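1. Would you be able to build a 3D model of this:
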Amino acid sequence: MKWLLVLIAINQYADGSAEHYILTSPTFNSLQQCQQEAMVNHQQVEQLALDHFGGPAKVYCFDEKNLKEYLEQNAITGPTDPVKKKSI
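-> Predicted coordinates for the structure are as follows:
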């Protein structure tokens, strides 16, 4: 199973929605590996949130299947053009 790190902006829009940033690289083989990488690289993760949202974000690890289901149920708009990849 492939796991992805997902940042969700703490700042919300008037309708309660928030921006999401999905790191597609690297991917992880387990929830534990994803969580460990997020903790070890917390400064880089925080910087990504600042760069993309202008503020803090909540950090989640999603398996690919559940992330697709989550986005299908909750997304208001489609994905935007991918940004230049940055590694954590």
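2. What segments of this protein are strands?
-> 3-9, 20-28, 57-63 (DSSP state E).
3. Need these in a markdown table (columns: mean neighbour count and distance to Gln73).
-> Backbone N, C-alpha and C define where each C-beta goes, glycine included. Listed next are the strands of the chain as a markdown table, based on neighbours: other Cβ atoms under 10 Å; distance: least, Cβ to Cβ, whole Å:
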| stretch | mean neighbour count | distance to Gln73 |
| --- | --- | --- |
| strand 3-9 | 20 | 14 |
| strand 20-28 | 15 | 13 |
| strand 57-63 | 17 | 13 |
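4. Flag whichever of the ones you listed has the least confidence on average.
-> Of all the strands of the chain, mean pLDDT reaches its minimum on strand 20-28 (a mean of 93).
5. Adjacent strands (with direction) for that strand?
-> Counting by DSSP bridges, the strands paired with strand 20-28 are strand 3-9 (antiparallel).
6. give me the low-pLDDT residue ranges for this protein?
-> Within the chain, the ranges that satisfy pLDDT under 70 run 78-88.
7. cutoff 90 now
-> 1, 12-17, 71-88 (pLDDT under 90).
8. the helices in it, which residues?
-> 31-40, 42-53, 64-74 (DSSP state H).
9. Kindly state which of the ones you listed is positioned closest to Lys2.
-> Evaluated over these, closeness to Lys2 peaks at helix 64-74, with 4.6 Å, by Cβ to Cβ.
10. and Gln35, how far is that from Leu5?
-> Noted for Gln35: a distance of 9 Å to Leu5, by Cβ to Cβ, to the nearest Å.
11. Mutual contacts of those two, please.
-> By Cβ atoms under 8 Å, 6 or more residues apart in numbering, Gln35 and Leu5 have these common neighbours: Cys61.
12. Thanks a lot, catch you later.
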